[in-house]
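Peer 1: Quick one, what's the 3D model for this:
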Amino acid sequence: MLNLKNKKATVMGLGLYEEGSGIAATKFLLSQGAKVTVTDLKTKEQLQDQIKRLGVAAKKIKFVLGRHRQEDFKDADLIVKNPGVPRTSKYLKIAKASKIPIYTDISLFFELFDRSRIIGITGTRGKSTTTTLIHGLIKTIDKQAIIGGNIKKSPLLQLQSAQGHLAVLELSSWMLESLAVIRKSPHIAVFTNIYPDHLNTYFGLADYIKAKKNIFKFQTPQDYLVISRDNSHTVKAASEAISQRYWFSKKYFSEENGCFIKNNQIIFRRNGVEHKICSVSNIALIGEHNLENVLAAVAVAMIFGVKASAIRKVLKSFKGIPDRLELLREIKGVKYYNDTTSTTPEATIAALCALSSPLRKGRMGGVKNIILIAGGSDKGLDFTELVKEMKKHCKAVVLLNGTGTERLKKQLRITNYELRIIEADSIRDAVRAARQIAKRGDIILLSPACASFGMFKNEFDRGDQFKKLVKKLK
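Peer 2: As a prediction, the model looks like this:
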């Protein structure tokens with residue numbers, strides 16, 4: 001157990017989420033008697049809401065805001081960095097040169113919690129939905145199981161209440177990099193898929209995949225890996241695992257352990273014995289892509305011994321989570337969906353396919369009833385397939401400003417598709433423009449396929465602004 005009393009701790013990045021990594025780490029370190037310095041490139045004015053949330057504890061903290069100082073990284077006993085801080089930061093290099101241990105809130109949690117009670121979920125798409133669904137299933141056998149990680153809720157402040165219970169954690173590639181430092185992986189690792197993402201911060205796809213593989217890299221033969229059989233990158237990665245492998249797939253596979261669909265039924269197989277869980281029609285969650293998330297979650301639940309009847313009950317009631325294909329309202333026959341966390345082309349394609357009018361399935365040129373609000377900051381991703389899907393599903397596209405939008409516009413011009421393109425300087429303008437051309441039976445979908453930086457604090461801020469605007473519509 002780490003003894004943090006009177007230790008000099010530097011928190012790098014207070015963050016903007018109410019229960020996020022930076023603020024949670026700060027509160028936790030203070031509760032353990034550490035002497036805390038908080039340093040952030042954001043100013044005091046930008047962080048005023050977070051500082052208020054610290055309450056009277058803020059008086060015990062040394063704040064270095066609007067900049068970083070070398071001495072805060074050379075003279076500390078430990079650094080707790082926000083997972084979003086680039087690994088190339090010169091200040092982290094200073095700390096490493098001084099042999100100062102560097103943690104994130106997640107790696108600190110792993111050091112202080114029983115690893116055998118941790119379920120970790122990663123992947124490019126579906127992490128949050130799968131994490132939340134697994135938590136719902138696990139709570140049928142452990143009512144005090146916690147949820148946290150890359151889902152706007154750090155597990156650190158839940159550490160004491162979680163002891164002796166299960167922890168379900170969404171883990172980003174950056175969080176997994178911090179686990180590699182302490183050479184730990186969760187007892188049950190769930191790997192949903194891999195698609196190109198964050199190529200603006202990684203040295204190519206292979207580098208990104210390497211970070212993701214830390215989800216199982218330090219597992220033992222007594223641990224479990226639940227991994228997609230429908231994604232070429234995860235299939236290749238699975239060959240490196242030494243833990244007990246459970247596949248999940250929308251297609252039938254023989255012999256091996258895992259979860260799959262056969263004759264429209266979800267089946268779980270363990271050691272040759274097959275268990276029928278429920279019909280696909282019993283699942284409340286919409287979208288073909290969400291079937292994979294359900295299969296992964298069912299596999300985890302079955303490994304833990306959750307009864308099939310309990311699984312069926314949860315699947316019938318679970319309709320998803322905020323910011324992921326979230327139906328906000330229907331106004332005068334027009335439905336408004338918030339899918340702000342779709343920050344890759346593949347995620348937006350999945351949203352378009354999920355919401356596509358059944359009237360147009362199987363015939364090109366049929367009903368196209370989606371007005372897509374997309375665009376934003378560039379992540380270096382390929383928009384080719386997204387542009388093709390826009391042609392199939394959309395009657396119009398409203399583009400938000402950003403570096404990614406410029407590339408998207410260029411590709412739309414090259415393909416010369418007959419698609420109405422509208423540019424908007426703000427989310428307010430985007431909603432107004434979409435509403436002006438929407439007719440009864442149409443869908444207005446915020447699914448950006450790009451990052452949010454520049455126009456918004458983060459993707460959740462983008463979604464929140466969209467929700468507020470839609471809520472005010474009459």
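
Peer 1: And the contacts of the worst-scoring helix or strand of the chain on mean pLDDT?
Peer 2: Every helix and strand in the chain was compared by mean pLDDT, DSSP states H and E; the lowest is helix 403-415, with a mean of 85. With C-beta atoms under 8 Å, 6 or more residues apart in numbering as the test, helix 403-415 has contacts from 374-379, 381, 383-384, 386-388, 390-391, 397, 399, 419, 421, 423, 449-451, 454. In short, each C-beta sits where N, CA and C put it, glycine included.

Peer 1: Just the buried subset of the residues you listed, written out for ChimeraX, thanks.
Peer 2: Entered in ChimeraX, the line below selects the buried ones among the contacts of helix 403-415, by 16 or more other C-beta atoms under 10 Å:
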select :374,375,376,377,378,379,381,383,386,387,390,391,397,399,419,449,450,451
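
Peer 1: Go through the contacts of helix 403-415 and flag which are in strands.
Peer 2: Counting by DSSP state E, these place 374, 397, 399, 421, 423 in strands.

Peer 1: for the closest residue in space to the fourth one that isn't next to it in sequence, what are its contacts?
Peer 2: Nearest residue to residue 421 in three dimensions, chain neighbours excluded: residue 397, at 5.6 Å (C-beta to C-beta, 6 or more residues apart in numbering). Applying C-beta under 8 Å, 6+ apart, one finds that residue 397 lies in contact with 371, 372, 373, 374, 390, 412, 419, 420, 421, 422.

Peer 1: pLDDT wise, what is residue 397 at?
Peer 2: Confidence at residue 397, expressed as pLDDT, is 96.

Peer 1: measure it to residue 271 for me?
Peer 2: The gap separating residue 397 from residue 271 is 50 Å, by C-beta to C-beta, to the nearest Å.

Peer 1: same question, residue 196
Peer 2: From residue 196 across to residue 271, the span is 36 Å (C-beta to C-beta).

Peer 1: These two: which is more packed in?
Peer 2: More crowded of residue 196 and residue 271, by other C-beta atoms under 10 Å: residue 196, with 19 against 5.

Peer 1: ok, now how distant is that one from residue 177?
Peer 2: 18 Å.

Peer 1: now, which of the contacts of residue 397 sits nearest residue 282?
Peer 2: Within the contacts of residue 397, the smallest distance to residue 282 is 30.2 Å, found for residue 372 (C-beta to C-beta).

Peer 1: and the closest one, which of the three is it?
Peer 2: Judged by DSSP: H, G, I helix; E, B strand; the rest coil, the three-state class of residue 372 is strand.

Peer 1: quick one: it and residue 399 touch, right?
Peer 2: No. Counting by C-beta atoms under 8 Å, residue 372 stays clear of residue 399, with 9.1 Å between them.

Peer 1: can you map out the helices along the stretch 251-400 of the chain?
Peer 2: Remark: helices assigned in the stretch 251-400 of the chain by DSSP state H, counting those that start in this stretch are 289-303, 308-317, 345-355, 384-393.

Peer 1: Adding distance to residue 51 as columns, could you present the contacts of residue 397 in TSV?
Peer 2: Shown next, in TSV, are the contacts of residue 397 (distance: C-beta to C-beta, whole Å):
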residue	distance to residue 51
371	40
372	38
373	33
374	35
390	43
412	43
419	46
420	45
421	42
422	39
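
Peer 1: Grab the nearest non-local neighbour of residue 77.
Peer 2: Nearest non-adjacent residue to residue 77 (C-beta to C-beta, 6+ apart): residue 7, at 4.2 Å.

Peer 1: can you check residue 10 too?
Peer 2: What sits nearest to residue 10 in space, not counting adjacent residues and going by C-beta to C-beta, 6+ apart, is residue 76, at 4.3 Å.
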